[in-house]
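Student: what follows is a predicted protein model with its sequence.
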There are 2 protein chains.
Amino acid sequence: MRVPQYVEGIRKGELKPRAELRTVRETASSALLDGGHNFGQIVAARGMEMAIAKTRRHDVAVVVLTNCDHTGRIGEYVVMAAEQGLMGLCVSSGSLPGGLVAPIGGAGRALGANPIAWGIPGGEGRPIFFDFATSVASAGKIHVAADKGEDIPEGWLLDKDGRPTTDPGQLSEGGVMLPFGGHKGYALSAMIEMVSGGLSGMGFPLQPGYEWEQAAVLMALRIEAFQPLDEFRRMISDFTKRLKETPRAPGCEEILLPGEPEWRSKEVREHTGIPLPEVTWRHLAETAKLLNVDWPEQ
Amino acid sequence: MRVPQYVEGIRKGELKPRAELRTVRETASSALLDGGHNFGQIVAARGMEMAIAKTRRHDVAVVVLTNCDHTGRIGEYVVMAAEQGLMGLCVSSGSLPGGLVAPIGGAGRALGANPIAWGIPGGEGRPIFFDFATSVASAGKIHVAADKGEDIPEGWLLDKDGRPTTDPGQLSEGGVMLPFGGHKGYALSAMIEMVSGGLSGMGFPLQPGYEWEQAAVLMALRIEAFQPLDEFRRMISDFTKRLKETPRAPGCEEILLPGEPEWRSKEVREHTGIPLPEVTWRHLAETAKLLNVDWPEQ
């Protein structure tokens, strides 16, 4: 879904795949990394590698990213840390100018979708992590619904006049997304905006002259600074088994851990492929044609 | 409201006001601090002081607390950091044995109320911070409603048979609290439980033999590792002014920042006193009598 957006960014010169990454400030436990408008995926992976390396001597490290393009799914970077026996935490900001999400009590755009991801090594098997937008739904999810021609639930979106709507297409027409979880979700979203926009120096979509780029704060923490890793894993394993045995509400088949649905989807899709909405496929085909890339007829 | 609980804890020997705090492990950027069952307020303040001191040389530090009694409002400790020009973050776990909060899809107790607090220096004036339980409402708030004889909104609590209830008294009768914000709030709650219970080595209320104590993870981050503090404050000031100017929804008088209602309450109550429910006053009077402490007639 994002490929046409990336290609357009490159053609406009806003996304710079050859840009060098530059370390603006660095200490033994921190760094400010300037992505030079390169792919966010590249910049964030490099940033988390730097944070992970710093924890070997300093237990905890924070790397802040500035001037990077769309980072994609930030859960990726906390899983990098968790796979090395560390705790990983990431928050990110950056939005269309003016923002996308209303504050509590507001009827206009102000905040970005400001995601947070957090992960730890699993007791057994894969890391346990979450990655969610602090809006009720991510902009990506609303665009997918629009692409599929589906309605969205009430409570996700207001139209450009501040009225509740179930039409996902209203997001491109000046609508405004709502924060998840009422005033708590709003507080989390506003804090991520200030911490990520402020520490990166990139500022805020609300400010005049703001240009779209993403900023992020990546943290890695060495679990063994506090507990032996084996013991930590054993405790997590025991906890998660018991959690999954909680009495279930009617209609619930299974208590799931954070990240469990995503790992299962990944496994299925690695075998059977990734289903794409018709309109996403068409946008990809159009982009391929634009670039004279061979594209299979459907 | 908590005083009778603290006094009872001391009388039973579970809360130990004379216990020495002991540093179990320590490096330049981390520490595991054993509170020896002393007041959580004492242990957490000491922990945050340690984290703040460590940031002077190492930019970022994490202190984990184990074996401390009730920490009270954890927003207190992130404000300590913010008042010194740092970012402060705190998560905490610990609950009645068995837990208090259901996972998504669950109808029984599993998780604690697992609060999170996060704060930064304000642009002007006081720090901007939030402090919330990852349950829809804190156990404290539900007990206050019970003390006042008020109903609670639907969606806060299930009774001991897993049915929705608006009677706050059901919490003491085996009821179960719900996480805020659906699956996102649940993911945050479960992660706080695992990180705080795991890094502290205290384990989880779900485990057999678990005894009530609180654990916490405190983090301090030096903003100047990334941006000059004056510049950061200037950016936050500009952002918050613009955020408060967002168009308002009908019925909303003012867009508030995280922590703003709490600072205003504090100011009012420093001048006019703290209103207490009748039943809280009575519990305090009973506790005073038990300890032969003079208590004003009402």
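Tutor: Here it is on my side, so go on.

Student: what residues sit buried inside stretch A:86-98?
Tutor: Within stretch A:86-98, the residues scored as buried using 16 or more other Cβ atoms under 10 Å in any protein chain shown are A:86, A:87, A:88, A:89, A:90, A:91, A:92, A:93, A:94, A:95. Bear in mind the C-beta positions are built from the backbone N, C-alpha and C, glycine included.

Student: could you do stretch A:238-258 as well?
Tutor: A:239, A:240, A:242, A:243, A:244, A:246, A:248, A:249, A:255, A:256, A:257, A:258.

Student: show the contacting residues for the fifth one.
Tutor: Which is residue A:244. A:254, A:255, A:257 (Cβ atoms under 8 Å, 6 or more residues apart in numbering or on different chains).

Student: how near is the closest residue to chain B within the stretch 101-250 of chain A to residue A:242?
Tutor: Nearest to chain B in the stretch 101-250 of chain A, going by Cβ to the nearest Cβ, is residue A:181, at a distance of 2.6 Å. Using Cβ to Cβ, to the nearest Å, residue A:181 is found at 26 Å from residue A:242.

Student: how about residue A:178?
Tutor: 35 Å.

Student: before we move on, what about residue A:226?
Tutor: Distance from residue A:226 to residue A:242, by Cβ to Cβ: 22 Å.

Student: again, but for residue A:62
Tutor: Using Cβ to Cβ, residue A:62 is found at 33 Å from residue A:242.

Student: now do residue A:232
Tutor: Between residue A:232 and residue A:242 the distance is 16 Å, computed by Cβ to Cβ.

Student: now residue A:108
Tutor: 45 Å.

Student: and the helix or strand of chain A with the lowest mean pLDDT, what does it pack onto?
Tutor: When each helix and strand of chain A is scored by mean pLDDT, DSSP states H and E, helix A:139-148 comes last, with a mean of 85. Applying 3 or more Cβ pairs under 8 Å, 6 or more residues apart in numbering or on different chains; DSSP states H and E, one finds that helix A:139-148 contacts helix A:278-290.

Student: what residues does the helix it packs on touch?
Tutor: A:1, A:3, A:4, A:7, A:144, A:147, A:148, A:276, A:294, A:295, A:298.

Student: can you list contacts of stretch A:218-225?
Tutor: With Cβ under 8 Å, 6+ apart, stretch A:218-225 has contacts from A:44, A:47-48, A:51-52, A:54-56, A:59-65, A:77, A:81, A:85-90, A:120-121, A:229, A:232, B:25, B:27, B:29-30, B:32, B:60, B:62, B:198-199.

Student: take these and keep only those in helices.
Tutor: A:44, A:47-48, A:51-52, A:54-56, A:77, A:81, A:229, A:232, B:198-199 (DSSP state H).

Student: most neighbours of all those residues, which one?
Tutor: Within the ones in helices among the contacts of stretch A:218-225, neighbour counts (other Cβ atoms under 10 Å in any protein chain shown) peak at residue A:77, which reaches 32 neighbours.

Student: is it true that that one touches residue A:91?
Tutor: No - using Cβ atoms under 8 Å, residue A:77 is not in contact with residue A:91; the gap is 10.9 Å.

Student: within range of chain B, give me the residues from the stretch 51-200 of chain A.
Tutor: Counting by Cβ under 8 Å from any Cβ of the partner chain, the residues of the stretch 51-200 of chain A lying close to chain B are A:58-62, A:64, A:87, A:102-111, A:118, A:120, A:128, A:130, A:132, A:162, A:180-182, A:184-188, A:190-191, A:193-195, A:197-200.

Student: which of these are buried?
Tutor: Counted by 16+ other Cβ under 10 Å, these give A:58-62, A:64, A:87, A:102-111, A:118, A:120, A:128, A:130, A:132, A:162, A:180-181, A:184-188, A:190-191, A:193-195, A:197-200 as buried.

Student: and stretch A:268-276, how far from the chain's centre?
Tutor: 21 Å (Cα atoms, centre = their mean, to the nearest Å).

Student: equivalent analysis for stretch A:253-273, please.
Tutor: 18 Å.

Student: part of a helix, is residue A:189?
Tutor: Yes - checked against DSSP: H, G, I helix; E, B strand; the rest coil, residue A:189 lies within a helix.

Student: need phi/psi at the spatially closest residue to it that is not a sequence neighbour.
Tutor: Among residues not flanking residue A:189 along the chain, residue A:134 sits closest, at 3.7 Å (Cβ to Cβ, 6 or more residues apart in numbering or on different chains). Phi and psi for residue A:134, reported as degrees, to the nearest 10, are phi -90, psi 0.

Student: what is the burial count for residue A:134?
Tutor: 29.

Student: can I assume it is in contact with residue A:177?
Tutor: No - Residue A:134 is not in contact with residue A:177 according to Cβ under 8 Å; the separation is 9.9 Å.

Student: which residues do these two both contact?
Tutor: A:101, A:113.

Student: tell me where the stretch 51-200 of chain A has strands.
Tutor: Remark: strands assigned in the stretch 51-200 of chain A by DSSP state E, counting those that start in this stretch are A:60-68, A:86-93, A:116-120, A:128-132, A:157-158, A:164-165, A:176-177.

Student: which residues does the residue lying closest to residue A:83 once chain neighbours are set aside contact?
Tutor: Distance criterion Cβ to Cβ, 6+ apart; nearest residue to residue A:83, sequence neighbours excluded, is residue A:127 at 6.1 Å. Residue A:127 makes contact with A:78, A:79, A:82, A:83, A:119, A:120, A:121, A:259, according to Cβ under 8 Å, 6+ apart.

Student: what of residue A:164?
Tutor: A:154, A:155, A:157, A:158 are the contacts of residue A:164 under Cβ under 8 Å, 6+ apart.

Student: if we go to 7 Å?
Tutor: Counting by Cβ atoms under 7 Å, 6 or more residues apart in numbering or on different chains, residue A:164 touches A:154, A:158.
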